[in-house]
Every structure is written in C-alpha cells, then in structure tokens.
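# Predicted coordinates and the sequence they were generated for:
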Amino acid sequence: MIFGRRAEKRAPLLTFERILVPMAGTVADEAALRLTALLLAETEAQAILLHVIEVPFEQQLDAEDASAIAFADEVLGRGETLLGEHHVQVRTSISQARAAGAAIVDEAVEQRVDLIVMGLRYKKRFGGGWDAGRTVPYVMRNSMAPVWCLRSETEDLALTP
C-alpha cells in the first residue's frame, strides 16, 4: 500500500480528432449521436455529420431533388443540435451518390477520420432472419478507419420465458 500519493490524472484510453457519423434520418441515428457526444464532449475534436442522398441510376448523379435536400438539412440539423448541447464541434455534409456505403467510405478517407460511428436499424426479413442492409456491411468491409455500429433497440428482442 502506498499512502500520501496524490491520485494521478490519467489520459483517456481512447482519443479521437475526427469522428464521422453517417445519418440516414432513422431512429438509429440517435444512438450514434449520443455515443459521439460521449466520446467528444469537452474536447477540441470534431464530429462530421454526413447524410448521403442515394440517386437512382435512371437519374443524373448531379440532379437536384429539393425534397431530399430539405430532408438532409432537417436530419443534419437535429444531429447538430444534439451534439451542440454537449459542446461538440460539428461540421455537416451532404453527398449524392449511387450507394451510401461507398460515399461514407470516401468521406472517411477524404476527412481522415479516426472513427466511423453508425446507427443500425433492426430489420427482420421474411422467415425471421435479421438483415443489416447493404450500407453497414459495405462500410465494415471497406473502411480504413475503425467502425462502431450501434443497433437500435426494438421490442422484438424481448426475451421470452
């Protein structure tokens, strides 16, 4: 036992300068935002909120969809507000792409992020299987940065006796 020693302040185990938070506008976004707030609160680090507008192949990639842009602004605004309440520096971005996964990976590389934090909706397929969709698996396979996924809660997961 050592007596008379002052408690030493320890550096946090995990530190991040930039975290990318892709936002789809679903309930799953909130968990990703809350974790990001926890990781970055009271730091000089930055959260980068990204909303990807997926453009169908039958449209030009640079075609503007006013309702999609308005939705993106609303989604990103909610995220900015939540993180702002925790004094987290935020930058927002909207991207148009054929597939959200590739746009997220490209943004992570371009912004040199340390971490991607993604919300994941709980979706059931016919037959009772669980489906992660196509975006999250793509990002998990192709990202150079670590990826943390938080699956949203669901009543379907209640344990039965």
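On my side now, so go ahead. None of these values were measured; they are calculated from a predicted model.

# Which residue would you name as the spatial centre of the protein?
The centroid of the chain falls nearest to Val21 when counting by Cα atoms, centre = their mean (2.7 Å).

# Isn't that residue up against Gly79?
Yes. Val21 lies in contact with Gly79 (Cβ atoms under 8 Å); the separation is 6.8 Å. Using the backbone N, CA and C atoms, a C-beta is placed for each residue, glycine as well.

# count of residues packed around Ala108?
Using other Cβ atoms under 10 Å, Ala108 has 25 other residues around it.

# what's downstream of whatever helix or strand it lives in, the next helix or strand?
Using DSSP states H and E, Ala108 maps to helix 100-110. Helices and strands here follow DSSP H and E; after helix 100-110, the next one along the chain is strand 115-120.

# From the contact counts, what lies against that next one?
Judged by 3 or more Cβ pairs under 8 Å, 6 or more residues apart in numbering; DSSP states H and E, the packing partners of strand 115-120 are strand 18-22, helix 28-40, helix 100-110, helix 135-142, strand 147-151.

# If you average the pLDDT over it, what comes out?
Averaging pLDDT along strand 115-120 gives 95.

# Now do it against strand 147-151, angle only.
Strand 115-120 and strand 147-151 are oriented at 20 degrees to each other (axes from the mean of the first three to the mean of the last three Cα atoms, to 10 degrees).
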